[in-house]
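Provide a 3D model corresponding to the input given below.
(2 chains)
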Protein chains: 2
Amino acid sequence: MRELTVNLGERSYPIYIGEGLLLEAGAYFVKHGISKKSPLLIITDENVAGKHLDTLASVLRNEDFTVATAVVPAGESSKSLSMLEQLVAKALEAGLDRKSAIVALGGGVVGDLAGFVAASYMRGIKFVQVPTTILAHDSSVGGKVAVNHPLAKNIIGAFHQPEMVLYDLETLQSLPPRDVRSGLSEVVKHGLIWDEAFAHWCGENADRLLALEPDALGYALHKGCSVKAAVVSKDERENDLRAILNLGHTIGHALEAVAGYGELLHGEAISIGMIGSAKLGLRYGAPEEVYTVTKSVLAKCGLPVKLPAEFDVDAIMEAMMHDKKFSENTMVFVVPTAIGTVEIKRDVPVAWVREIVEQLKLEA
Amino acid sequence: MRELTVNLGERSYPIYIGEGLLLEAGAYFVKHGISKKSPLLIITDENVAGKHLDTLASVLRNEDFTVATAVVPAGESSKSLSMLEQLVAKALEAGLDRKSAIVALGGGVVGDLAGFVAASYMRGIKFVQVPTTILAHDSSVGGKVAVNHPLAKNIIGAFHQPEMVLYDLETLQSLPPRDVRSGLSEVVKHGLIWDEAFAHWCGENADRLLALEPDALGYALHKGCSVKAAVVSKDERENDLRAILNLGHTIGHALEAVAGYGELLHGEAISIGMIGSAKLGLRYGAPEEVYTVTKSVLAKCGLPVKLPAEFDVDAIMEAMMHDKKFSENTMVFVVPTAIGTVEIKRDVPVAWVREIVEQLKLEA
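Coordinates of the predicted model:
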């Protein structure tokens, strides 16, 4: 079992990573002061419910917790105010009070949604994250929770830190291979922005990660969470440093929007985005290996490194220019200067970005 | 001009109380770091919009602020998730970014709603309160913001402190007399729970307050805000002490619910509730003046001190018993032990409360 602490003063919390933690959930809940006198609400989605909901609910009930459950449709569309209203109704009917906790069992969508229910129900109650995807190693650190508005993603939300994160590696064993690869994209990103040795390790151990070997997976998730935690601890409210976590995301978000959300998985989109950032790094004089290593590590993890030919470059540029940080002629980008080191460039010529997006179609 | 600070560490903020502050709003906004580069959104209701919206918007535009406005229907029904969604759309269309501020121009409903928009838009942006009612002196201190759910009032919300409160006494001059009286109820409450001399002062100066004499009104609002600020500073997240602010509210909320929200104004309901609390105080051995002074001060302010005969005592008791803090036989009440001092009693016999509610119909 691996453990780390996200250091945020009185809002600090632990992340436990190991095999079989779901079966020991009761003891962890007790250890972290979750009340048995007040009911809990586990929120999960249809995909995860069939696999792990009964297990978690039974384990907690066996420890004398009072447990209610809510299952939402899988996918981004559940992150809505209408779903918030339904879940608050569920919480009221189940009798949740100010000492209750909301438990998020699932990936990033469930974490974001359940986290915002916890942040706003009775002006904020306790929150426990039980991630069941690799991608969620990223979203489970930092306390950013939100729902979507018809006009914008993640625009209604809060910073609400969990009491703890319980990461059971066994829940990852049933992930579809495409979701495994997509999740590894953010793992690699944490190496690329912060930890050269770990970035190389990801390339060298890609086969073990893709095979979901528990020891490699546990190490990678611990490292990934540690980098995210280090950044978030220095900049909880996303004022400056936290922006480096967006490596590959400016192009990546645009690709997701143009493809239609869900067509290109988040990790796939930012993989292509990180290749773009590496090419931008070369323009600013970074050594060639910034590009070659980035590309080789991502490719070894089975991630796309080339923009599919059917993407329209004009549409991608337009999607990016919606970002309010950009002026007519310049954009803000996280740019690697070496493997494990990035800088924020605030005056990247739009023309360079367009050239690079066009070149992304030509990658070998 | 009177000024006080709500002490909450790095979330501390000032309250300015005086005549004509609306016309000086630009200077106050600049002084408190509200950005001119990012647009502002003033949220108000239909009643207030006709009186003060153009003034505030013009004053700010003259100082080179970019100002958007949103007008919601007056009344509690605007505190909804659907209105939140509409206001977020408005904020997005107006281009509000993370450095923007939301300005609440109005009473408690507008403050609660606009405050929750500010708390959740982009996970929290700045917030300025410009209260236009006496009752809002209470809600503008403490940072409690929320919207309602069909099943429960104020159940979806946050603690989100404003950057400042700008209280222009001139905006109070056009309040309907019934709203003036209702607002004074919370002013008197702040005396009754914390400051004996101020409680007596309210009785002695009731005529000046009802006539909206600026000097008396400014003094009373400053005192009321100061008491609220002192309590909130010691207990921001409502863990214990803050409960004393609920003097009269347990019976009061039940009366509001039974009458149908809006039939009995909030201040009227808690006035009757405070008479009930005083009678409860006598049961616990408080001196007779706890009851006589409470009643005389509230009556001088033109507030009801008697429960109208048409109220059904069973319905009131049932409404109260929905509170989860209560067991089958005992209730939790804020009980005065002297004028200016209260205690929280956690084992008040339900039978006593029923007797007192029945007696409230018989008050002279």
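
near chain B, which residues of the stretch 151-300 of chain A?
A:151-152, A:155-159 (C-beta under 8 Å from any C-beta of the partner chain). Where C-beta positions appear, they are placed from N, C-alpha and C, glycine not excepted.

residues in contact with A:Lys279?
A:Lys279 makes contact with A:291, A:356, A:359-360, according to C-beta atoms under 8 Å, 6 or more residues apart in numbering or on different chains.

roughly how far apart are it and A:Val348?
Remark: distance between A:Lys279 and A:Val348 (C-beta to C-beta, to the nearest Å) = 12 Å.

same question, A:Asp112
Computed as C-beta to C-beta, the A:Asp112 to A:Val348 distance reads 29 Å.

ok, the two, which is more surrounded?
Ranked by neighbour count (other C-beta atoms under 10 Å in any protein chain shown), A:Asp112 and A:Val348 place A:Asp112 first, with 24 against 21.

ok, now how distant is that one from A:Ile356?
With distances taken as C-beta to C-beta, A:Asp112 is found 30 Å from A:Ile356.

rewinding a little: between the residues of the stretch 151-300 of chain A next to chain B, which has the most around it?
Neighbour count (other C-beta under 10 Å) singles out A:Ile156 as the most crowded of those, with 27 neighbours.

Just give me the neighbour total for the closest residue to that one other than its chain neighbours.
Using C-beta to C-beta, 6 or more residues apart in numbering or on different chains and skipping the chain neighbours, the partner closest in space to A:Ile156 is B:Ser120 (4.8 Å). Residues near B:Ser120, counting by other C-beta under 10 Å, number 28.

Distance check, B:Ser120 against B:Gly157.
Separation of B:Ser120 from B:Gly157 (C-beta to C-beta): 9 Å.

overlap in contacts of the two?
Taking C-beta under 8 Å, 6+ apart as the contact rule, B:Ser120 and B:Gly157 both touch A:Ser120.

domains in chain A, as residue ranges please.
With domains defined by automatic domain parsing, chain A comprises A:2-173, A:177-360.

Quick one: mean pLDDT for the longest one?
Averaged over domain A:177-360, pLDDT sits at 94.

Give me the contact list for whichever strand or helix holds A:Gly218.
Take DSSP states H and E as the rule and A:Gly218 turns out to sit in helix A:214-234. Under the contact criterion C-beta under 8 Å, 6+ apart, helix A:214-234 has outside partners A:2, A:4-8, A:15, A:17-19, A:134, A:137-138, A:140-143, A:165, A:167, A:169, A:172, A:184, A:186-187, A:190-191, A:193-195, A:198, A:201-202, A:205, A:208-209, A:241-242, A:244-245.

which secondary structure elements does the helix or strand following that helix contact?
Downstream of helix A:214-234, the first helix or strand assigned by DSSP H and E is helix A:249-259. Other helices and strands packing on helix A:249-259, by 3 or more C-beta pairs under 8 Å, 6 or more residues apart in numbering or on different chains; DSSP states H and E, are helix A:266-283, helix A:313-321, strand A:330-338, helix A:350-360.

centre of the chain versus helix A:249-259, how much separation?
Relative to the centre of its chain, helix A:249-259 is centred 15 Å away, using C-alpha atoms, centre = their mean, to the nearest Å.

May I have that helix as PDB, with CA atoms only?
Extracted in PDB, the C-alpha atoms of helix A:249-259 (Å, rounded to 0.1, in the frame of the first residue of the first chain):
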ATOM      1  CA  HIS A 249      -4.600  20.900 -22.900                       C
ATOM      2  CA  THR A 250      -5.100  24.000 -25.100                       C
ATOM      3  CA  ILE A 251      -4.800  22.000 -28.300                       C
ATOM      4  CA  GLY A 252      -6.300  19.000 -26.600                       C
ATOM      5  CA  HIS A 253      -9.500  20.800 -25.500                       C
ATOM      6  CA  ALA A 254      -9.900  22.200 -29.000                       C
ATOM      7  CA  LEU A 255      -9.600  18.700 -30.500                       C
ATOM      8  CA  GLU A 256     -12.200  17.400 -28.000                       C
ATOM      9  CA  ALA A 257     -14.600  20.200 -28.900                       C
ATOM     10  CA  VAL A 258     -14.100  19.800 -32.700                       C
ATOM     11  CA  ALA A 259     -14.400  16.000 -32.600                       C
END
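
Compute the inter-axis angle for it and strand A:330-338.
Relative orientation of helix A:249-259 versus strand A:330-338 (axes from the mean of the first three to the mean of the last three C-alpha atoms, to 10 degrees): 120 degrees.

I would like the residues contacting helix A:249-259, please.
With contacts defined as C-beta under 8 Å, 6+ apart, helix A:249-259 is touched by A:263-264, A:266, A:269-274, A:276-277, A:307, A:311-312, A:315-317, A:319-320, A:323, A:331-334, A:353, A:357, A:360.

Around chain B, which positions in the stretch 1-150 of chain A sit nearby?
Residues of the stretch 1-150 of chain A lying near chain B by C-beta under 8 Å from any C-beta: A:81-82, A:84-85, A:88-89, A:92-93, A:95, A:97, A:119-124, A:144, A:146, A:149-150.
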